[in-house]
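> fold the stuff below for me.
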Amino acid sequence: MANFFKATPKKSKVPQQLTVTVSRLDQQGCGVAIHDNKPVFIEGALANETVEVKIYEQKSKFSKAKLMRVVKASDARAEVKCRHYFQCGGCNLQHMNYQHQLDYKQDKITQLFARQALNDSLPWQKNIVSNEWHYRRKARIGVQYDKRGEAIVGFRQRESSHLTSIKSCPVLVEAFANIFTELKGVLAKLSGKNAVGHVEVIAANENVVVVRQLIKMTAQDKKLWQAFASKNSWEVYLDDGENISPLAEDKPLFYSLTESIKINFSVNSFIQVNDVVNKAMVEQAQTWLMLNEQDVVLDLFCGLGNFSLPIAQQVDRVVGIEGVDKMVARAQENAQSNGISNCQFYCADLNSAWQDQPWAAQKYSKVLLDPARAGAYEALTQLLPLKIEKILYVSCDPASLARDTKLLIDHGYKIEKIALMDMFSQTKHVETMVMFSSTSS
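Below you'll find the predicted structure:
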């Protein structure tokens, strides 16, 4: 067999250490410097800083580097509060002071709009904010087991599927900030190894812990969870993958939205994680929509009725649309329990054709939509022929918001107001509210 010469590719040498100046932050909050005419991404570095870094990944078009030392710090740099910050992937902006976090997030939105050729100056309004710490009322805590069968309790490491073992978390509400050690203690005593997949915590009228079981629990295991619940005044639910059942009494869960409205929910319902921001954004939505007694409002992606019910108290009628049957049923129950009779809810997939639905034939003066991260492009294309006067868009992803904004502006709408809602302080996540009005109305 003939042997052919094959040149050995030259391996590019990765510098062990560099000193670079960071020029900007990317969309993920990562510092970006330029070396050898290509970007170097540095987690934890801030714009205008001089830093020493160590390259750990080098590609043809970019490199990734670990921050070793800050030579010249930015005025925006802050001392981190969490002892796990540099390992845990839950937060990524704690090293930036809070005002600069807000500025960064606003600039992030502006940049994404510019990529859609939306270059006009945006009419920014006052930010909606809450406490920078201890704001998160709902979270999923991971559980993994090492080779010895010992439980690791915490959140995912940065750029990894492995968990960081956590002792406390300063963004969780104070009721759950130090739950990790307690959980680890219970897990160590359970009769079966690898018994729990994760734990979800929810703070509302009751503080709830939902345990995802991987194996059937013994009577002794349940006693351990009962002692855990009693000691901390927590309600424990067990999730076996098919059913979620309370360990003790199945108490009703709710959060107060306004002085007169309570939103009932179940442990597997979606609720906003930041109670203070949620209340403020619902109030702002009502103000921006300039509601009156003649309005008929369509609420798309309405969930449990978080926006629908307070709006219904000010208008002629509200129609709420949600894609999950159980959420629709719960929204209907919430309307009834709050004594609201002018609010009807329907189930529909808003990303599919819905123009033939009976509720779509009604005349609406205003629309509110609060879609998931993928945005509402398909829903908006079907909404445009209805020629709605005002559309209020609540977004949890600025990229899909920018795309959908382009669609609305291309079809005769303008941005009246826009505001940042800091639902997740200390993180890169951005939530936004935008008020659109038709230029032909």
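> in this structure, spot the helix with the most residues.
Ordering each helix of the chain by length in residues (DSSP state H) puts helix 98-115 first.
> quick one: mean pLDDT over that one.
Across helix 98-115, the average pLDDT comes to 97.
> in it, what's buried?
Neighbour counts using 16 or more other C-beta atoms under 10 Å place 98, 100-102, 104-106, 108-110, 112-113 of helix 98-115 among the buried residues. (C-beta placed from N, C-alpha, C; glycine too.)
> ditto for stretch 365-375
365-371, 375.
> how far does that stretch sit from its chain's centre?
The chain centroid and the centroid of stretch 365-375 are separated by 15 Å, computed with C-alpha atoms, centre = their mean, to the nearest Å.
> re earlier: closest to residue 164 among the buried residues of helix 98-115?
Distance to residue 164 across these (C-beta to C-beta) is lowest for residue 101, with 21.7 Å.
> spatially nearest residue to that closest one, not counting backbone neighbours?
Closest residue in space to residue 101, ignoring its immediate chain neighbours: residue 93 at 5.1 Å, by C-beta to C-beta, 6 or more residues apart in numbering.
> and for residue 191?
Distance criterion C-beta to C-beta, 6+ apart; nearest residue to residue 191, sequence neighbours excluded, is residue 218 at 5.0 Å.
> try residue 106
Of all residues not flanking residue 106 in the chain, residue 420 sits nearest, at 5.3 Å (C-beta to C-beta, 6+ apart).
> isn't residue 279 up against residue 257?
Yes. The criterion here is C-beta atoms under 8 Å, and residue 279 meets it with residue 257 at 6.5 Å.
> with neighbour numbers in mind, choose between those two.
Higher neighbour count among residue 279 and residue 257: residue 257, with 22 against 19, using other C-beta atoms under 10 Å.
> residues touching that one, list them.
Residue 257 makes contacts with 263, 278-279, 282, 306, 309-310, as judged by C-beta atoms under 8 Å, 6 or more residues apart in numbering.
> what comes up buried for the helix or strand hosting the residue nearest to residue 106?
Per DSSP states H and E: residue 420 is located in strand 413-421. Neighbour-count burial for strand 413-421 flags 413, 415, 417-421 (criterion: 16+ other C-beta under 10 Å).
> gap between the two ends of stretch 317-329?
For stretch 317-329, the first-to-last residue distance is 18 Å (C-alpha to C-alpha, to the nearest Å).
> for the strand holding residue 420, enumerate the helices and strands it packs against.
Applying 3 or more C-beta pairs under 8 Å, 6 or more residues apart in numbering; DSSP states H and E, one finds that strand 413-421 contacts helix 98-115, helix 275-289, strand 431-438.
> among these, which comes closest to residue 193?
When the helices and strands packed on strand 413-421 are compared by C-beta to C-beta, helix 275-289 sits nearest residue 193, at 36.9 Å.
> buried residues, that closest one. List them.
Neighbour-count burial for helix 275-289 flags 275, 277-282, 284-286, 288-289 (criterion: 16+ other C-beta under 10 Å).
> equivalent analysis for stretch 223-237, please.
Neighbour counts over stretch 223-237 (16+ other C-beta under 10 Å) mark 224-225, 228-229, 232, 234-237 as buried.
> ok so, going back, list of residues touching the strand holding residue 420?
Contact partners of strand 413-421, identified using C-beta under 8 Å, 6+ apart, comprise 102, 105-106, 109, 120, 122-128, 277, 280-281, 284, 288, 391, 394, 405, 409, 430-439.
> per-domain residue ranges of the chain.
Per the record, the chain has its domains at 18-77, 114-130+272-438, 138-203+206-251, by automatic domain parsing.
> could you dump the ones you listed into a markdown table and include distance to residue 89?
A markdown table is the format used below for the domains of the chain (distance: least, C-beta to C-beta, whole Å):
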| stretch | distance to residue 89 |
| --- | --- |
| domain 18-77 | 10 |
| domain 114-130+272-438 | 10 |
| domain 138-203+206-251 | 4 |
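> residue 87: which of those domains is closest?
The nearest among the domains of the chain, by C-beta to C-beta, is domain 138-203+206-251 at 4.5 Å.
> and that closest one, end to end?
Taking C-alpha to C-alpha, domain 138-203+206-251 runs 18 Å from one end to the other.
> tell me the contacts of residue 231?
With contacts defined as C-beta under 8 Å, 6+ apart, the neighbours of residue 231 are residue 182.
> was I right to think residue 271 contacts residue 139?
No. Taking contacts as C-beta under 8 Å, residue 271 lies outside contact range of residue 139: 11.9 Å.
> so, low pLDDT: which residues of the protein?
Low-confidence segments of the chain (pLDDT under 70): 1-15, 441.
> try it again at 50.
The chain contains residues with pLDDT under 50 at 1-5, 11.
> tell me where it has helices.
For the chain, the helices defined by DSSP H occupy 98-115, 179-189, 219-232, 275-289, 308-312, 325-337, 377-383, 398-410.
> specify the angle between the third one and helix 179-189 in degrees.
In terms of direction (axes from the mean of the first three to the mean of the last three C-alpha atoms, to 10 degrees), helix 219-232 departs from helix 179-189 by 160 degrees.
> how close does the closest residue to residue 247 other than its chain neighbours get to residue 271?
In this structure, residue 247 finds its nearest non-sequential neighbour in residue 236, 4.3 Å apart by C-beta to C-beta, 6+ apart. Distance, residue 236 to residue 271, using C-beta to C-beta, to the nearest Å: 19 Å.
> what separates residue 39 from residue 60, distance-wise?
12 Å.
> neighbour-wise, which of these two wins?
residue 39 (17 against 7).
> pretty sure residue 234 contacts residue 211?
No. Using C-beta under 8 Å, residue 234 makes no contact with residue 211, being 10.8 Å away.
> quickly list what's touching both of those two.
Shared contacts of residue 234 and residue 211 (C-beta under 8 Å, 6+ apart): none.
> a markdown table for the contacts of residue 257, including distance to residue 25?
Formatted as a markdown table, those follow (distance: C-beta to C-beta, whole Å):
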| residue | distance to residue 25 |
| --- | --- |
| 263 | 36 |
| 278 | 27 |
| 279 | 30 |
| 282 | 31 |
| 306 | 32 |
| 309 | 39 |
| 310 | 36 |
